[in-house]
Structure formats: structure tokens, C-alpha cells
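[1] Test case, fold it:
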Amino acid sequence: MTRATHIPPPSRLLWAAELPRAAWTIAETAFAQKLLAEAPRGDGRPVMTLPGVAMGDISVARLAAYLRRLGYRAQTWQLGINRARRTIGDDGERLIARIEALHVATGAPVTLVGVSLGGIMARIAAHRRPDLVREVVTIHSPYAGDGRATNVQRAFEWVSGEPIDSPHLAGLLAEARRPLPVPATALWSRSDGLVNGAACHVPGEPGLRAIELRGGHLLVGQRARVLRTVADTLAGVSAR
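    Okay, the predicted model is just below:
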């Protein structure tokens, strides 16, 4: 089992830059239509998007809608606000039930695209039910850290009701760090102000494709370059 190394949270300077960069994410939409329109077409596979902590379907709605336009059968997870185990169940049973339902409805394994905490959950689900999962794409998901590689520790504890150093959480992160039995891609950024980019991928992880992007954490699931990179990844296109 891969051990976590101590990875500190991002600097205060990067943290302070999050709001201005989130504003740019909104503004850039008008200039990114060509980039998004030229993405490779989808193959009709089912895709489920998973939101970050304290976020719900609206935070990944643009991503899901974009993938649908490309030709994927994409949907949000439809479990409400992500409050960790309070939302997905102590053993992730509610999330796995949603993945299984999409698998049954489409007759095909599901590609999971998770943002931040949603990506950690996607990796755990793929470990537990690889028969249901085709591929996992994580977006700024700090699965390789020890729980203290972020600037949102207190927010996580408040939303989830679980201490950041709880044995339960440590066990989940250890499970998420293990190499996946399905293809995996990790999108990460060294300039992320909420989670340390070094915690979002394991160098040399077997079967992992790590793609570094520039940018912050807030609204990351709506950023044009992230959307395009996810589309390229699902289509098997090399990183641009």
C-alpha cells in the first residue's frame, strides 16, 4: 500500500489568489468557445461527474452538459451537496448504488470524473467495484496527501462532521492512494491555492496519467481548459 508523505498546504499567497482567478474563470467563457467546440466527439459511454466538498450538482453541471454535447451520456451524481460520508454513506454505499444504477441503465461501465473530494470518492468506488467503472479522471483531488495538504481542513471537518485526523479518513485516503485497477488520469496544478498540487497525483503510479494545468481551485470544474482536457482524455488524445 502506498504511504502518504507529509505535504503542506498551499501558501497564503496562492490562497489569496483564488478569488481573482475564479473571476477570470467566469470571464474567460466568452473567449473559449473555439477551444471547446474543437474537442473530439464522444463515443456515447456513460459518464458521472462528482462534485467537491460542500458542492452539489450545479458545480459540475457545466462539465456534464459539455460532455453531453460532445456525445457522452453524462450526468451529475444527483446525491445533493457533498458532505463526505454524510452524503455517500459510511462505506460509500449510496454513491456505489448511483454508479450501479447508471451502469444498469446504459449497459456499460461508467467513467467517473470527480472534482477535489469527488475525485477521491471516485477512486475509492473504482477500487471497490471495478466491474462498474471504466475509467477515473480526478480534477485537483488531493488523494495522495495525508489530510493536511489543503487550506480547507476546518471547512471539511465542519461539513463532514469528521476530524481531519480520524482513523476512518486515514483509511479512505490510503485506499484512494493505491494504484487503480482501471485507467486513471489526474489533473493537477502547482498553483492551486486550496489543495497542494503535489497531493493530487502519485509520481510513478502505475497506470496513472498525470496532467499539469495552470490555475486555481475555485470553479475548477467550469474552467475551459479543464473541460477541454477532460474531453481529450476521454477520447484518448494526448495532453495539449
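
[2] Show me what secondary structure element comes after the helix or strand bottoming out on mean pLDDT in the chain.
    When the helices and strands of the chain are scored by mean pLDDT, DSSP states H and E, helix 18-27 comes last with a mean of 80. Following helix 18-27 in sequence order, the next helix or strand is helix 33-37 (DSSP states H and E).

[3] CA-only coordinates of that following helix in CSV, if you can.
    Only the C-alpha atoms of helix 33-37 are listed here, as CSV (Å, rounded to 0.1, in the frame of the first residue of the first chain):
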residue,chain,number,x,y,z
GLN,A,33,-15.8,28.7,-27.5
LYS,A,34,-13.5,27.7,-30.3
LEU,A,35,-11.3,25.6,-27.9
LEU,A,36,-14.4,23.8,-26.5
ALA,A,37,-16.0,23.3,-29.9
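
[4] what mean pLDDT does it have?
    Regarding helix 33-37, the rounded mean pLDDT is 93.

[5] Share the number of residues neighbouring H127, please.
    18 (other CB atoms under 10 Å). From N, CA and C alone the C-beta is placed, and that goes for glycine too.

[6] Let me see the contact set for it.
    By CB atoms under 8 Å, 6 or more residues apart in numbering, the contact set of H127 is 175-176, 178, 180-181.

[7] how about 7 Å then?
    Counting by CB atoms under 7 Å, 6 or more residues apart in numbering, H127 makes contact with 175, 178, 180.

[8] List just the nearest of these to A64.
    L180 (21.9 Å; CB to CB).

[9] all helices for the chain, in order.
    Assigned by DSSP state H, the chain shows helices spanning 12-16, 18-27, 33-37, 57-70, 85-88, 93-106, 117-128, 153-160, 167-177, 224-234.

[10] ranking the ones you listed by burial, who's on top?
    Ranked by mean neighbour count under mean count of other CB atoms under 10 Å, the helices of the chain are led by helix 117-128, which reaches a mean of 25.
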